[in-house]
Structures are given as structure tokens and as C-alpha cells.
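S.K.: what follows is a protein structure lacking sequence information:
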Ligand SMILES: [Zn+2]
């Protein structure tokens, strides 16, 4: 998987390749985002770039600053997901043909198939469907972690970084998570653990405190023209209201937003999420807001991004995400928006 094959996420990808090029690779990272964001594909492309023997750098001729070459021996093995130093762990469950204590190694062939079939953006449900266990809840178990520890402890086969990609890390059971902690505390040389999760709510705080967290925003937002101007104005007035939290003006805003209707409202929330993410990158990495993500309000453009920091970006993105799910499931829009406003207001003040 090369970065160029991933849809969107250009700002984040450019940020990641810059970090790799500077040699500041953190040995344990957590990519947080919905499956549709391409978080798993990003992890795979990240690992491929990290190990590529001939990293490509572009100078303005691409919206990417850099990418793996796709042609060196390492890239070729990575493209087939068959590199000896690339390991996967993911949730599994007992199947009619499998063993009674399943683990990822047992299902690696099916997992590669699944990655190929869904272009590495498949969801957890699609994975269980692929395994034919729709009604079960998968888990990452102690045995999986034992295997990881053993594999990561071995000498690298090809002198490259050994990479473990753990997909749906929130499915680790407590015993497995506690075992993994030790590995996180005592990293072996040239190993990188990339965890991919949709939500950190179910993860142990001791794990979270030992990994670098990277928020991957939801995807597929195409807002342009007059709708963009409308959404940007709505976003600016909403965020200002959240600081003052005047109930009367806030509920007027909520009434108006709810009138948008289900699909446009979902799109607006996605737009808000992308805006927040762009603000975060400005605060955290000095990445300027792109023209299409500036808010048409100079004062807001220059002051608001600083409100989005490491301390609240994930909380805000999660809240926006959950609200989209609720709206999708036909929840009452006004209540959803009101609750969301309180959550965001609290998070923004918590910078
Ligand atoms: Zn390469």
C-alpha cells in the first residue's frame, strides 16, 4: 500500500512522512479513526514507507510530499502483505473449522484476502462476515500477544524495521492488554507497533499513556461552493456559541441546524470534524489552513485553531463522530445536537 493509493488524508500523510524522514519514529503509535477513514491502510502504507529502500520525494508535482517507491524488494513484499517483518494481529473468534482457542496467525490468509477485497478499509462487521461468524464478537487474546512478543523478539530477517500492526486494538481482552504493556515499556530495537482503533474508550489508560496517539479524521467529505460557505458560517457561529454557552442563542442555532435534514446535517458534522482536524494540525505542526478549509472569517481563522490541542482533539472528533452515528440511526436531531454542544463546549474549554 502506497500513500498515493489512499483517498484523502493528505495533510496527515505529509505530516507522517516528515516525521519518518526526520528519524523521530515513535515505537508505539495508535491511529484512531473510523474504518472508513482508511486508518488501517494508513498504518500499512506507513510501515511500507518506513522500510522502503528508495523513498520518493516530490517537489510540488504531487499533493504528497513523499511516498514509498512501490518497486524495491521491500515494497514488493509489502504490497503483497507478505514481508517477513510485517505482522498482523486482529480480533478473531471460534469458527466451525478453526481451533477452540483461535488467534490471528491461524486466520492470516483470510485476513490478507479481506484486506485485498475491501481495499484495506473494511469494517469490523465486514471482517466477521468474511470469516462467516457474523453473530460473534471477535477478540484479541493472550495467545496473540505471546506470538507478538516472540516475533518481535526475533532478529529482523531483512535488516528492516519489524512492524506489528494491531487492528481493532480495542478488542484486546484485559489479560492480553496487560501482557502487551510490558512490550510497550521495554521496546526491542527497530520495532514499531502500530495500533489501529476506532475508539479509545474501551482501551486501558495504561496502554494509552504509552502510545503516541494520531487522530485520523473521517473521510469522503466533498463540500464545495455555496454549501461550503454556509457550513463554514454555521461552524464559526456554533463554536463562538460554545464559548459563551447562552442557552437561548444556542437552542436557536440547534433548531436551525436540525432543519437541514438528516443527510446535510451528517455532512455538516463531517465538515466540522475535518475543520477541527485541520485546526489541530495548525496548532500541533504549524500546518497552515488550506484555502478550502479557512473559515472566511479572519479573526476566527487566526484565533480558533489554538483552541484545538492534544488534550481535546480526540474528544472533539469522537463526539462529532458519535453524533453522526446517532443522526444516521434516526436519533432526534435536536437532542443529539444539544448534547453534542455541551460535550464540545466542555472539551474546547479543556484545552
Ligand atoms: Zn520501496
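M.R.: Arrived safely. Not measured: the values here are computed from a predicted model. Numbering: from 1, shown residues only.
S.K.: can you show me the helices along the chain?
M.R.: Assigned helices in the chain, in chain order: 10-21, 39-51, 73-79, 108-117, 124-131, 142-153, 174-185, 205-208, 225-244, 247-258, 262-285, 298-303, 313-328, 333-349 (criterion: DSSP state H).
S.K.: list the contacts of the shortest one.
M.R.: Going back to what we said before, that points to helix 205-208. Contact partners of helix 205-208, identified using Cβ atoms under 8 Å, 6 or more residues apart in numbering, comprise 30, 169, 177, 180-181, 184, 200. To be clear about C-beta, it is placed using only N, CA and C from the backbone, and glycine gets the same treatment.
S.K.: ok, now with 6 Å
M.R.: 177, 181, 200 (Cβ atoms under 6 Å, 6 or more residues apart in numbering).
S.K.: quick check, pLDDT for the second one.
M.R.: On pLDDT, residue 181 comes in at 92.
S.K.: check contacts around it.
M.R.: Residue 181 sits in contact with residue 206, where contact means Cβ under 6 Å, 6+ apart.
S.K.: how much space separates it from residue 333?
M.R.: 42 Å (Cβ to Cβ, to the nearest Å).
S.K.: contact residues of the protein facing the ion?
M.R.: Contacts of the chain with the ion, taken as Cβ under 5 Å from the ion, map to 52, 54, 68-69, 72, 75.
S.K.: go with 6 Å
M.R.: 52-54, 68-69, 72, 74-75 (Cβ under 6 Å from the ion).
S.K.: how far does stretch 241-249 sit from the chain's center?
M.R.: 31 Å (Cα atoms, centre = their mean, to the nearest Å).
S.K.: start and end of it, how far apart?
M.R.: By Cα to Cα, to the nearest Å, the extent of stretch 241-249 from end to end equals 7 Å.
S.K.: pull the residues that contact that stretch.
M.R.: 250, 253, 344-345, 348.
S.K.: so what's the residue in the stretch 251-351 of the chain that the ion sits nearest to scoring on pLDDT?
M.R.: Closest approach between the stretch 251-351 of the chain and the ion, counting by Cβ to the ion: residue 285, at 25.3 Å. We have a pLDDT of 74 for residue 285.
S.K.: run a quick neighbour tally on the nearest residue to it once chain neighbours are set aside.
M.R.: Using Cβ to Cβ, 6 or more residues apart in numbering and skipping the chain neighbours, the partner closest in space to residue 285 is residue 15 (5.5 Å). By other Cβ atoms under 10 Å, 16 other residues sit near residue 15.
S.K.: from the ion, how far out is residue 15?
M.R.: Shown here: residue 15 relative to the ion, a distance of 20 Å by Cβ to the ion, to the nearest Å.
S.K.: no more questions from me, cheers.
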